[in-house]
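J.: everything below, folded, please.
(4 chains)
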Protein chains: 2
Amino acid sequence: MPASSKPKKSTAGIALPHGKNATINDIARLAGVSKKTVSRIINHSPLVRQDTRERVEALMREVGYVPDPLARGLAFRRSFLIGMVYDNPTAQFIVNMQYGALDALRDSGFELVVHPCDSRSPGYIDGVRRFVQQQKLHGVMLVPRVSEDQALADMLDEIGCRYTRIAALPLGEKSKMVVTHDRDGAAEAADYLQTLGHRDIAMITGPGHYRSAVERTAGFTGALANRGIELPKSRIIEAGYTFESGVAAAEKLLSAKKRPTAIFCANDEMAAGVYRVALRAGIRIPQQLSVIGYDDSPLASRLWPPLTSVRRDTRDTGRIAAAMLIQPDEGNHGTRTVASVRPHLVVRDSCQPPED
Amino acid sequence: MPASSKPKKSTAGIALPHGKNATINDIARLAGVSKKTVSRIINHSPLVRQDTRERVEALMREVGYVPDPLARGLAFRRSFLIGMVYDNPTAQFIVNMQYGALDALRDSGFELVVHPCDSRSPGYIDGVRRFVQQQKLHGVMLVPRVSEDQALADMLDEIGCRYTRIAALPLGEKSKMVVTHDRDGAAEAADYLQTLGHRDIAMITGPGHYRSAVERTAGFTGALANRGIELPKSRIIEAGYTFESGVAAAEKLLSAKKRPTAIFCANDEMAAGVYRVALRAGIRIPQQLSVIGYDDSPLASRLWPPLTSVRRDTRDTGRIAAAMLIQPDEGNHGTRTVASVRPHLVVRDSCQPPED
DNA sequence: CTGAAAGCGCTTACAG
DNA sequence: CTGAAAGCGCTTACAG
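T.: Next comes the predicted model:
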């Protein structure tokens, strides 16, 4: 990736080396200041006189000067790269998170480097360590479920790498968190079903070692309990957040003598599994069975009837997590509230009051 | 991202600066060679004696030495970053492509930087140019539909940036292509429908300015023509590759006096739109209507009945495209065949012979 | 096959 | 508020 061949708008009388991008030396020479002063301006140091700053900044714009991140990185001993570390969520979730992160990084000089990994494999923490250290990353975003792994966070603390954790509830140091409040989203689903008149309700939740699953279950059962409905153990089935596991769980629930009139699923994939089983068994949604999902993925509106689901604003979540990493304002003022993003129920056509 | 705090396995008698990663100078000193020799070994130069090479390589492994990509990048005037530039395909496609690219980059020292963009916005080519030049990217992968934009490829040629283009058919310089042969995939769908006995067939295709759409249409209609079936214009509807546009196209097709007995959709999203309309209209799939999609996305198996679809191995495609970028073997030997990946039909339950 | 010098484009001390 | 020197960890010419 050699120098630009598109010539810079060359100012009258300004001599720039041809076929090469301007460097800090060119700017310094052209502006008649030392390179250190230019460096101060690049790094927004306050120790530069206002008029000097303005003159140099105008010059930089004019010649299209952008400091070389490689050279800055070498001198700083830190790159201008943000890593996104994730395990295995759905494609739409990853992509939205990336879009959000990129929203925050746009025009900041930082770029996003992706690092999927397998949190079940023993060496994955070392893999992240190598990734961070070899690339001298500026920071990393930890997406669920790796964000929930305290051992990973500990490793990053140990090597002094900044990070943000996106999780259902606050974990560890609050200034590094973006909380998605899954408990509240699930509670809203519960309230909605109760308001519709459902009493015999079931939930298909995610793996017990996912904090999101635990939170969604607690939020759902807690809100129902608040309204006088206790969910028996048999009405809560732990599945694997996958379509297939949703099918299996739904088969269990829907083949029972007495079927629940509503099922809340901890994600849309599993809700699609419920749809599949209901369709095969001739159970009509929403007439005979109300269903709610979680994620509000594209799948929710592809299903028929369109699925009522808890939306989480993943793009916004990613934007906030990335923004926290590149904010100069590093000092955690202590009093700042923890960053968070709120879920909310998107009502479509998959629920109605129970028959009878 | 400071130096490792996990101490290197320190060899007896080897003195490494504490709390810092080893540098090329440490290796040179410890091995008793010049740093230039170490550099030659890092860069796989043949101009090093075999025993010297082995001795130094053993030392590098021992102390866990990895060359600093920032320093190498500065000296080379090129980073160790591969960019992935994409416009707006489905989430699963992007994610699979990323996984594939990362498969190829694993342990290569290269990392993947993502760059979504909007090919309809006028400044997008300049955006890619800045991305490439500021980061001094080693190369970029061009994913459909940006891969089809000759102006983008021209810009990259002009600034001397290496790239690979993933597209339905060969475009421009063949050594930079990964061809997905969409024509063949669509032809396979056509043959299958003809074999089942369908004669009144329709197609919902993508936007005419997508080469993939053109190729899939050509492949489908061509294969049918070969088997004696001419598709009238009215049986080919151009839609937008989206669910909603698939719904609209299906409404047109299925409200006609005489409905087709089979519909081939240029992607799964639009096939889901056909399902939606058929379900609402009480048209049973596959009994009264056969449907085929393209992509074999997760959606294909979430639908009921499970959708027969043309699979493209996107992960493999990404792997090949990234591998081509980092192969030292730069000289296009000319005679090498163009890189390609073949689609194939995955038969599920959405097709059967036409009734009556 | 090997090496000493200079340089890539920045920043960090240290002075003034 | 500003600057000259040294250095970040590599590689590119140029010699031998």
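J.: neighbours around residue A:195, how many?
T.: 10 (other Cβ atoms under 10 Å in any protein chain shown). For glycine as for every other residue, the C-beta is placed from the backbone atoms N, C-alpha and C.
J.: need the contact partners of the helix or strand hosting it.
T.: Element membership of residue A:195, judged by DSSP states H and E, is helix A:182-196. With Cβ atoms under 8 Å, 6 or more residues apart in numbering or on different chains as the test, helix A:182-196 has contacts from A:168-169, A:201, A:212, A:215-224, A:227, A:229, A:262, A:264, A:266, A:290, A:292, A:294, A:308, A:310, A:312, A:342-345, A:347, A:351-354.
J.: how about the residues of chain A that lie near DNA strand C?
T.: Applying Cβ under 7 Å from any atom of the strand, we find that chain A lies next to DNA strand C at A:20-21, A:23-25, A:35-36, A:38-39, A:42-43, A:65, A:67-68, A:71-72, A:74-76.
J.: could you flag which of those residues are buried?
T.: A:21, A:23, A:24, A:35, A:38, A:39, A:42, A:65, A:67, A:68, A:72, A:74 (16 or more other Cβ atoms under 10 Å in any protein chain shown).
J.: and the last one, helix, strand or coil?
T.: Following DSSP: H, G, I helix; E, B strand; the rest coil, residue A:74 is assigned to helix.
J.: if we can go back for a sec, which parts of the helix holding residue A:195 are buried?
T.: Result for helix A:182-196 [16+ other Cβ under 10 Å]: buried residues A:182-194.
J.: tell me the one among these nearest to DNA strand C.
T.: Using Cβ to the nearest atom of the strand, residue A:182 comes nearest to DNA strand C of the buried residues of helix A:182-196, at 39.6 Å.
J.: if I look at that closest one, how far off is residue A:242?
T.: 18 Å (Cβ to Cβ, to the nearest Å).
J.: can you list the domains in chain A?
T.: Here the domain assignment for chain A is A:1-67, A:77-181+A:315-340, A:182-310, based on automatic domain parsing.
J.: which stretch among those domains comes nearest residue B:154?
T.: domain A:1-67 (11.8 Å; Cβ to Cβ).
J.: among the contacts of helix A:182-196, which are in helices?
T.: Among the contacts of helix A:182-196, the residues falling in helices (DSSP state H) are A:212, A:215, A:216, A:217, A:218, A:219, A:220, A:221, A:222, A:223, A:224.
J.: just the buried ones among those, please.
T.: A:212, A:215, A:216, A:217, A:218, A:219, A:220, A:221, A:223, A:224.
J.: show the contacting residues for the last one.
T.: Contacts for residue A:224 were tallied using Cβ under 8 Å, 6+ apart; they are A:190, A:193, A:194, A:201, A:230, A:231.
J.: skip the chain neighbours and tell me the closest residue to residue A:47.
T.: Excluding the flanking residues, the one nearest residue A:47 by Cβ to Cβ, 6 or more residues apart in numbering or on different chains is residue A:40, at 5.9 Å.
J.: so that neighbour sits right up against residue A:52, yeah?
T.: No: in this structure, residue A:40 is not within contact of residue A:52 by Cβ atoms under 8 Å, at 9.3 Å.
J.: endpoints of stretch A:278-289, how far apart?
T.: End-to-end distance for stretch A:278-289, by Cα to Cα, to the nearest Å: 8 Å.
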